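**Student:** Next come a sequence and a model predicted from it.
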Amino acid sequence: MLKGMASTFGTLFRVTTFGESHGGAVGVVVDGCPPRLALDLAEVQADLDRRRPGQSRLVTQRAESDTAEIVSGVFGGYTTGTPIAVLVRNKDARSEAYEHLRDVYRPSHADYTYDAKYGFRDWTGGGRASARETIGRVAAAAIARKLLQAAAGVEVLGWVQSVHDIEAAVDPGAVTRDDVEAGPTRCPDPAAAEQMVEAIEAARRDGNSLGGVVECVCRGVPAGLGEPVFDKLEAALAGAMLSLPAAKGFEIGSGFAGTRLTGLSHNDPFIPGEGDSIRTASNRSGGVQGGISNGEDIVVRVAFKPTSTIASEQQTVTRGGEATTLAARGRHDPCVLPRAVPMVEAMALLVLADHWLRQQAVDVLDPLPERP
């Protein structure tokens, strides 16, 4: 029986990523984007530049410009309603640097599990398991960002909340893009950011790696997005975030800390908003109640493990099951967090764009008839 790989995400706003880390190119096909949306290649490139390698000394030094090409679906600066294809050609792939991994499994990487599933794997840079696959997600999300901003004024912003045991002091309601992009860590707390730089550089020198948490706020999301029961908005967000390379945990709102509260202290009281709108006095729900957005900021956190590929010697086995040791060579991130920020934003944008389009099918009666 033939086995395939799931590379398509979304119901109405559908994205299909393609390509491998050391193949000729990577990219995405976006299907379901409405027509007549103003879209400039520079807007896509801006987000790709935030996730590309080599942007600071804290990340992999693979020399890729990640220059995007829009090869279909856009004409005269506007989307046509047909599939949008974005292509990024690999320029600095060095497959020979991975020759020593041809018959060796890297600890905690996808080498063994891909072999177990397919009986075959791309050992040059991780293939589809590489974070390079996320180029397609980020490119598609730049289109989703433009759609959500134009249609509903939605803003999605992520930042590095922690690296290892260094925690930032950040107010999700006040942080700005300028705060995030002020330094190479993408942590908007200057004091914590300085400590993070020192820790990441020390880990690189020691042949080691660090993990951490990316926090993301989605502002201006209208109430009503999400589907009851099996496709709740937080479930969609969780699935999207955990599909990212190295992602190991997800929280929304109060998350696990909420388990230490009582119902009385955890509940978000309703209060009148502007006009006839309804607000909540607090936001421990993280902007989602009953699986549906309530109009407050959606606040999520995604935990990323320490990078699996490290320069220190580790115990492993060959494809034949023989014990050996491995000290990986090549260009790798000592900490994925700075480049994970645009990836987390991307998955939030893709989920919200998809659910916003799905909600348009519900809002077909305007004005609404009298309530029963």
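**Tutor:** Nice, I can see it. Numbering: from 1, shown residues only.
**Student:** what about the closest residue to residue 15 other than its chain neighbours, how many neighbours?
**Tutor:** Distances taken as Cβ to Cβ, 6 or more residues apart in numbering place residue 140 nearest to residue 15, at 4.2 Å, with adjacent residues excluded. C-betas here are computed from N, CA, C, even on glycine. The tally of other residues near residue 140 (other Cβ atoms under 10 Å) stands at 31.
**Student:** Let me see the ranges of the helices in the stretch 101-250 of the chain.
**Tutor:** With helices called from DSSP state H, counting those that start in this stretch, the stretch 101-250 of the chain shows them at 111-118, 134-152, 177-180, 190-205, 233-242.
**Student:** Who are the packing partners of the second one?
**Tutor:** For helix 134-152, the helices and strands in contact under the criterion 3 or more Cβ pairs under 8 Å, 6 or more residues apart in numbering; DSSP states H and E are strand 14-19, strand 25-31, helix 41-51, strand 84-89, strand 155-163, helix 337-360.
**Student:** change it to 7 Å
**Tutor:** Helices and strands touching helix 134-152, by 3 or more Cβ pairs under 7 Å, 6 or more residues apart in numbering; DSSP states H and E, are strand 14-19, strand 25-31, helix 41-51, strand 84-89, helix 337-360.
**Student:** Mean neighbour count, the ones you listed: which tops it?
**Tutor:** Most buried of those, by mean neighbour count (mean count of other Cβ atoms under 10 Å): helix 337-360, with a mean of 25.
**Student:** could you give me the average pLDDT of that helix?
**Tutor:** Average pLDDT, helix 337-360: 97.
**Student:** One more: stretch 122-135?
**Tutor:** 85.
**Student:** swap in stretch 79-91?
**Tutor:** 95.
**Student:** List the contacts of it.
**Tutor:** With contacts defined as Cβ atoms under 7 Å, 6 or more residues apart in numbering, stretch 79-91 is touched by 22-31, 33-37, 39, 44, 64-74, 135, 139, 143.
**Student:** are any of the residues you listed buried, and which?
**Tutor:** 22-23, 26-31, 33, 37, 39, 44, 64, 66, 68, 70, 73-74, 135, 139, 143 (16 or more other Cβ atoms under 10 Å).
**Student:** and of the helices of the stretch 101-250 of the chain, who's closest to residue 334?
**Tutor:** Residue 334 sits nearest to helix 190-205 of all these, at 4.0 Å, using Cβ to Cβ.
**Student:** ok, and for the closest one, which residues are buried?
**Tutor:** Using 16+ other Cβ under 10 Å as the test for burial, helix 190-205 gives 192-193, 195-197, 199-200, 203-204.
**Student:** Can you name every helix or strand that that helix contacts?
**Tutor:** Against helix 190-205 (3+ Cβ pairs under 7 Å, 6+ apart) you get strand 155-163, strand 166-167.
**Student:** which one of these is the most hemmed in?
**Tutor:** strand 155-163 (a mean of 24).
**Student:** got the CA coordinates for that one in CSV?
**Tutor:** Only the C-alpha atoms of strand 155-163 are listed here, as CSV (Å, rounded to 0.1, in the frame of the first residue of the first chain):
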residue,chain,number,x,y,z
GLU,A,155,-3.2,42.2,14.1
VAL,A,156,-1.1,39.2,15.0
LEU,A,157,2.2,39.7,16.9
GLY,A,158,4.6,37.2,18.5
TRP,A,159,7.7,37.5,20.6
VAL,A,160,10.2,35.4,22.5
GLN,A,161,8.8,35.1,26.0
SER,A,162,11.5,32.8,27.5
VAL,A,163,14.7,31.1,26.6
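**Student:** If you average the pLDDT over that strand, what comes out?
**Tutor:** The model assigns strand 155-163 a mean pLDDT of 98.
**Student:** That strand pairs with which strands, and in what direction?
**Tutor:** Note on strand 155-163: by DSSP bridges, its sheet partners are strand 166-167 (antiparallel), strand 212-219 (antiparallel).
**Student:** As JSON lines, these with mean pLDDT and distance to residue 16 would be great.
**Tutor:** Output for these, formatted as JSON lines (pLDDT from 0 to 100; distance: least, Cβ to Cβ, whole Å):
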{"stretch": "strand 166-167", "mean pLDDT": "98", "distance to residue 16": "37"}
{"stretch": "strand 212-219", "mean pLDDT": "98", "distance to residue 16": "23"}
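**Student:** Same list (those strands) but as TSV, adding distance to residue 282.
**Tutor:** As requested, those are exported to TSV (distance: least, Cβ to Cβ, whole Å):
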stretch	distance to residue 282
strand 166-167	21
strand 212-219	15
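**Student:** most neighbours per residue, which of those strands?
**Tutor:** The most buried one of the strands paired with strand 155-163 (mean count of other Cβ under 10 Å) is strand 212-219, showing a mean of 24.
**Student:** Need the contact partners of that strand.
**Tutor:** For strand 212-219, the external contacting residues (Cβ under 7 Å, 6+ apart) are 154-164, 170, 172, 287, 297-304, 335, 337, 340-341, 344-345, 348, 352.
**Student:** Give me the angle between that strand and helix 337-360.
**Tutor:** Counting by axes from the mean of the first three to the mean of the last three Cα atoms, to 10 degrees, strand 212-219 lies at 30 degrees to helix 337-360.
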